[in-house]
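1. no sequence for this one, just the structure:
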């Protein structure tokens, strides 16, 4: 797998700029010209979007763990993982490791909650799936428009394991949500879904790299986005099929709507295939809402704004309707509707 950039918020020389190919759409060096002062201890306001769900909790406030800072799952477990930023003009970093033991079933309900302004947050996760483990990760990201936020997840997928991920984001001044998967194949099954809904001057970068290193692995990926005003959506998806990873089946799709004359979407889907006997494909579309569908709804008495919202929600729900279990899907759909 292409090595990720190692970012250290205490060292400005590690901030990637647009000359780094994988960061050319999210120039951190330009957006963060100097080292931010460290964030003070933060508070935990409210209960978080997944409070209604039962389960264990791991919470970080301004980069500091409130309780345990790692998690190991046996059997069937739910983990509510919260990253809370309650800071103004400062920066903080977090690292957490999560492991699912053989045949464990783990549901990770992850939220990124911004309570301050102009802060810098850098979160790193490592998720290890042992053979036969089943992990579902649902991520809700809701931060201030002037924040800088980077989340990097490394997922190690063992033989015969199942990994499901859905990331929903509303953007920030500079926001990057990166997932890197080491896919061992041998019957392992990965699904990576994403959704971004951006207004104002917000930006969101959803970057994924899936490295198939073993044979007979499956990857399916669907990302959808909607951008308005002067917002900017970025999707970078790369699937690598290494030599010897024969029998790989990998498919990627990205589709976006631009609902503002000055809004922008940058998409870069990639396949790198070094094995034989594989099935791989990718697709990408960027456009506007269907004019005939808008006209149809308006003819039936709906105002333009309401018709646009209905069609936008229907477009995005193709992603959220893939979420399991049903109770989590309903909660996520409510979260999405509130932001439309």
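-> Structure received. This is a predicted model, so every value here is computed, not measured. Numbers count the residues shown, from 1 in each chain.

2. Does anything pack onto the helix or strand hosting residue 338? Which helices or strands?
-> Here residue 338 sits within helix 326-339, counting by DSSP states H and E. Under the contact criterion of 3 or more CB pairs under 8 Å, 6 or more residues apart in numbering; DSSP states H and E, helix 326-339 touches strand 134-142, strand 162-169, strand 189-198, helix 304-320. Yep, even glycine has a C-beta here, placed from its N, CA and C like the rest.

3. Lowest average confidence across those, which one?
-> Set side by side, these give their lowest mean pLDDT on helix 304-320, at a mean of 91.

4. I'd say residue 71 and residue 101 touch.
-> No - look at residue 71 against residue 101 with CB atoms under 8 Å: they stay out of range, at 11.3 Å.

5. Compare the two and say which is more crowded by neighbours.
-> Shown here are residue 71 and residue 101; by other CB atoms under 10 Å, residue 71 has more neighbours (19 against 16).

6. My guess is residue 210 contacts residue 188. True?
-> No - taking CB under 8 Å as the definition, residue 210 is not a contact partner of residue 188, at 10.9 Å.

7. Okay, buried residues for the helix or strand of the chain with the lowest mean pLDDT please.
-> Least confident element among the helices and strands of the chain, by mean pLDDT, DSSP states H and E: helix 291-299 (a mean of 84). For helix 291-299, the neighbour count (16 or more other CB atoms under 10 Å) marks 294, 297 as buried.

8. Which strands and helices lie in contact with that helix?
-> Counting by 3+ CB pairs under 8 Å, 6+ apart, helix 291-299 packs on helix 304-320.

9. Now the helix it packs on: buried residues?
-> Using 16+ other CB under 10 Å as the test for burial, helix 304-320 gives 307, 308, 311, 312, 313, 315, 316, 317, 319, 320.

10. For the first one, which non-adjacent residue is spatially closest?
-> It refers to residue 307. Spatial nearest neighbour of residue 307, chain neighbours left out: residue 297 (3.8 Å); criterion: CB to CB, 6 or more residues apart in numbering.

11. if we can go back for a sec, now the least confident helix or strand of the chain, how far from the centre of its chain.
-> 32 Å (CA atoms, centre = their mean, to the nearest Å).

12. angle of it against helix 304-320?
-> Computed by axes from the mean of the first three to the mean of the last three CA atoms, to 10 degrees, the angle separating helix 291-299 from helix 304-320 equals 130 degrees.

13. quick one: contacts for the residue nearest to residue 307?
-> 306, 307, 310, 311 (CB atoms under 8 Å, 6 or more residues apart in numbering).

14. Also residue 29?
-> Contacts of residue 29 (CB under 8 Å, 6+ apart): 12, 15, 16, 17.

15. go with 10 Å
-> Listed by CB atoms under 10 Å, 6 or more residues apart in numbering, the contact partners of residue 29 are 12, 13, 14, 15, 16, 17, 18, 19, 20, 23.

16. Give me the local confidence score for the second one.
-> What it means is residue 13. Each residue has a pLDDT score; the one for residue 13 is 96.
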